[in-house]
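1. with the input below, show me the fold.
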Amino acid sequence: MSGLHALDAYLAGLLAKLDAPQRRLLARAIAVELRRRQAARIAAQCNPDGSAYVPRKPQLRHKRGSIRRAMFLRLRMARYLKAQADPNTAVVTFAGTAQRIATVHHLGLRDRVNKNGLTAKYPVRELLGLSDGDIERILELVLTAVTH
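-> Numbering: from 1, shown residues only. Below is the predicted model:
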């Protein structure tokens, strides 16, 4: 988190030059860009630090040679992965029932597998987070907004 505090301190002076409507537009651009980058990272099945997700456990009912779906196919859709912004904040979050599913996987909690009450412990798969590339992109967006 020290990287976020350093980023926040650096950007505070730059953002003071912008009025509220300009800050809201900038926050919206940052939120949309972060949502796009997070969705791409989830599709690549990578944690923010660049390591791969823990693979799924083998399923008993899968036939050999069948096509398997990628994890979190629907969670990365814009319908569930929301970008919100106001003049002071830019937020990327999950909405609705997707938020519970994302929390379970992000934190590695126990959850029900089916309606019969069977539970499983899920491994940690960080769905949201800032990588070094995300921070660099935020800086580029802010510098572009301040210079124009």
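
2. residues of stretch 110-130 that come out buried?
-> 122, 125-128, 130 (16 or more other CB atoms under 10 Å). To be clear about C-beta, it is placed using only N, CA and C from the backbone, and glycine gets the same treatment.

3. could you dump these into a markdown table and include secondary structure, distance to T89 and pLDDT?
-> Converted to a markdown table, those look like this (DSSP: H, G, I helix; E, B strand; the rest coil; distance: CB to CB, whole Å; pLDDT from 0 to 100):
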| residue | secondary structure | distance to T89 | pLDDT |
| --- | --- | --- | --- |
| Y122 | coil | 29 | 92 |
| R125 | coil | 25 | 94 |
| E126 | coil | 21 | 94 |
| L127 | coil | 20 | 93 |
| L128 | coil | 15 | 93 |
| L130 | coil | 14 | 92 |
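
4. between those residues, which sits nearest L14?
-> Comparing those against L14 with CB to CB places L130 closest, at 18.1 Å.

5. and the gap between the closest one and R37?
-> L130 is 9 Å from R37, where distance means CB to CB, to the nearest Å.

6. how about the CA coordinates for the helix or strand bottoming out on mean pLDDT in the chain, as CSV?
-> Counting by mean pLDDT, DSSP states H and E, the weakest-scoring helix or strand in the chain turns out to be helix 2-15, with a mean of 72. Coordinates of each C-alpha in helix 2-15 appear next as CSV, following Å, rounded to 0.1, in the frame of the first residue of the first chain:
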residue,chain,number,x,y,z
SER,A,2,3.0,2.4,0.3
GLY,A,3,2.9,2.8,-3.5
LEU,A,4,-0.7,4.0,-3.3
HIS,A,5,0.2,6.5,-0.6
ALA,A,6,3.1,7.9,-2.6
LEU,A,7,0.9,8.1,-5.7
ASP,A,8,-1.8,9.9,-3.7
ALA,A,9,0.7,12.4,-2.3
TYR,A,10,2.2,13.1,-5.7
LEU,A,11,-1.2,13.5,-7.4
ALA,A,12,-2.7,15.7,-4.8
GLY,A,13,-0.7,18.8,-5.9
LEU,A,14,-1.5,18.1,-9.6
LEU,A,15,-5.2,17.6,-9.0
